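Chemist: this is a predicted model, with the sequence first.
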Amino acid sequence: MEKKISKNKNWIENFDPLEILSCGQAFHWDMEEDGSFTTVHKDQWANVKKEGKNISWIFSEKDQKEEWFSYFDLQTDYKGIIERIDTIPLMKEATEYGKGIRILKQDPFETIMTFIISANNHIPRITKAVKDLSRIYGKEIGEYNGRALYSFPNPEEFSKASQEELRNIIKVGYRDKVLIETGKRILSGEFDLAKAGSLSTEDLRKELLDLPGVGPKVADCILLFAYQRMEVFPVDVWIHRVMEEYIFGEKGSKKEIHRKSVELFGKEAGYAQQYLFYYGRAKGIGKKEKKPH
DNA sequence: GTCCAGGCCAGAC
DNA sequence: GTCTGGCCTGGA
């Protein structure tokens, strides 16, 4: 089952599972003791390990190279992207620091629900909620390193969850209601996941904003991580501070920062956002000082 | 005890 | 359209 990539290694410099999975776009993965990463996508899982210039894969089933290479976006030339967006000082440091980042092609339903949960929330709790949702309502899809792996529930499976269970067991807090409602709209086809992919970015954004629990930031994350709309620029508190302090040099509302960033980076804004976000967050750029107590 | 976190939403201007 | 406060939860 183990596959090693023998040719076309140009992308290896721009491929680091740690950076790809921990840069905030995905929540359904584990780091193993040997430094490898096990990640779940739809009803499949993969374990990937990078050691120097060697990358080894274990797939849940044979011959899944194509699917996983697509999931990890290995056909895109990130070196070229970095060269094109390296037009401002901080970006050079950011792309060097996070040069192994790639934007995953994630499942739309999982991305929508996960990023609704992510709003005003902490990463450990988001990760736990995603795992619990999968374990309780999803399917067991296999085992790795003695640990059972579960798929994220599809819309029908998710509809089995009650508001009380979401709040009391999954601990999504006040987001319980909007998760239920959005799940219903997707299951009924009122929001059509497949059709959504053929809409223009502007139209799809409007449709997403109609879903309960989805605001501008969450909509942009869904557009970027599930529908490959690379021209969007999700603005959260971190990227907001980075852009204010290091790129524009002046304060601005979320909307202003969003508009100016999209204008600055154009069609590759999503990539720029990921590099700046990962770098800014790792370096604690603009982080508020904690009050001693 | 108090504050805040990878925002959203309703209500007020 | 823009601004403000409240919100589950739990760790610092």
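Modeler: Yep, it's here.
Chemist: find the closest residue to DNA strand C in chain A.
Modeler: Here the residue of chain A nearest DNA strand C is A:G173; by C-beta to the nearest atom of the strand that distance is 1.9 Å. Glycine gets a C-beta too; all of them are placed from N, C-alpha and C.
Chemist: what sits closest to that residue if chain neighbours are left out?
Modeler: Ranked by C-beta to C-beta, 6 or more residues apart in numbering and with sequence neighbours excluded, the top spatial neighbour of A:G173 is A:R167, at 6.8 Å.
Chemist: ok, A:Y150 - contacts?
Modeler: A:V40, A:K131, A:S134, A:R135, A:G138, A:K139, A:E140, A:I141 (C-beta atoms under 8 Å, 6 or more residues apart in numbering).
Chemist: of those, just the buried ones, ChimeraX syntax please.
Modeler: Buried members of the contacts of A:Y150, defined by 16 or more other C-beta atoms under 10 Å, are picked up in ChimeraX with:
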select /A:40,131,134,138,141
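Chemist: interface residues of chain A facing DNA strand B?
Modeler: For chain A, the residues in contact with DNA strand B (C-beta under 7 Å from any atom of the strand) are A:22-25, A:118-123, A:178, A:209, A:212-219, A:221, A:236-238, A:281, A:288, A:291, A:293.
Chemist: contact partners for whichever residue of the stretch 1-150 of chain A sits closest to DNA strand B?
Modeler: Closest to DNA strand B within the stretch 1-150 of chain A is A:G24: 1.8 Å, counting by C-beta to the nearest atom of the strand. Applying C-beta under 8 Å, 6+ apart to A:G24 gives the contacts A:I123, A:Q274, A:F277, A:Y278, A:R281.
Chemist: now these in CSV, with neighbour count, distance to DNA strand C and secondary structure?
Modeler: CSV is the format used below for the contacts of A:G24 (neighbours: other C-beta atoms under 10 Å; distance: C-beta to the nearest atom of the strand, whole Å; DSSP: H, G, I helix; E, B strand; the rest coil):
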residue, neighbour count, distance to DNA strand C, secondary structure
A:I123, 11, 11, helix
A:Q274, 26, 25, helix
A:F277, 22, 21, helix
A:Y278, 23, 21, helix
A:R281, 19, 16, helix
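Chemist: number of residues surrounding the residue nearest to A:G173?
Modeler: Neighbourhood size, A:R167 [other C-beta atoms under 10 Å]: 16.
Chemist: good, we can wrap up now.
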